[in-house]
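Q: I would like the atomic coordinates for the input below:
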Amino acid sequence: MKKFFITTAVGGMLFLIPLVVVTLIIGKAFKIMVVIAQPIAKLIPIEGIAGIGLINIVAVIVMILACLIAGLIAKNLRARSMYNKSESILAELIPSYTWIKTVMKNIAGEVDTKAFKPVLVRLDDQMQVAFEMERGRDNQVVVFIPGAPDVRSGAVAYVTADRVQPLTTSFLKINKTLKHMGQGAAELLPMHQA
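A: Now for the predicted structure:
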């Protein structure tokens, strides 16, 4: 009974953490939008609609418009260039930024085919799960070999292409397996290893 209570409570906490983080972010954004919406709401002679304060309605509309404008700006080539520059600065300032961004893209269903490609790397008499980061000249492949359970830290290795075997599994499945110290890794491996 005690074990059931502890595992249920821990499971519930792990379930709630992402919801709380998203709620906090949306709450902060909403507070900013309310400040922006107050002068706009004063220009409209209506107090509220269906019991909802006009400021709240305007704040939601401003939030949606801000997202649409940001999306349009992101499609502009010049804005894309500025975004890429700011992203490289963020990657320099925040070491795990690229990792977090890749996780978020994979959760959203956007798979980045250029970075963090799951592979097996042959190192002497063993193989390790890794991520192919890029290919260089002279048949060299740059791989990131993540640690377990902290997959954000690891080692960068330069190996020849014949030592790299692509995996058909996803970035998120590899991530989850490493966080669980390798549990579930057998089903991710190819049937025959080179």
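Q: Every contact and neighbour count from this point should use C-alpha atoms.
A: Fine.
Q: And the helices in this structure, which stretches?
A: Assignment of helices within the chain using DSSP state H yields the ranges 2-42, 54-75, 77-93, 97-107, 171-179.
Q: Just give me the lowest mean pLDDT stretch among these.
A: Here the lowest mean pLDDT among the helices of the chain goes to helix 97-107, at a mean of 67.
Q: For stretch 142-152, buried residues please.
A: 142-148, 151-152 (16 or more other Cα atoms under 10 Å).
Q: nearest to residue 43, of those?
A: Checking those against residue 43 by Cα to Cα gives residue 152 as the nearest, at 50.0 Å.
Q: pLDDT value on residue 128, please?
A: Confidence score, pLDDT, at residue 128: 87.
Q: measure residue 23 to residue 189 for me?
A: 37 Å (Cα to Cα, to the nearest Å).
Q: Look at these two and report which has more neighbours.
A: For residue 23 versus residue 189, neighbours defined as other Cα atoms under 10 Å are more numerous around residue 189 (16 against 12).
Q: quick revisit: show me which of the buried residues of stretch 142-152 is closest to residue 175.
A: Ranked by distance to residue 175 (Cα to Cα), the buried residues of stretch 142-152 are led by residue 151 at 6.6 Å.
Q: The closest one: what's it in contact with?
A: By Cα atoms under 8 Å, 6 or more residues apart in numbering, the contact list for residue 151 reads 175, 178-179.
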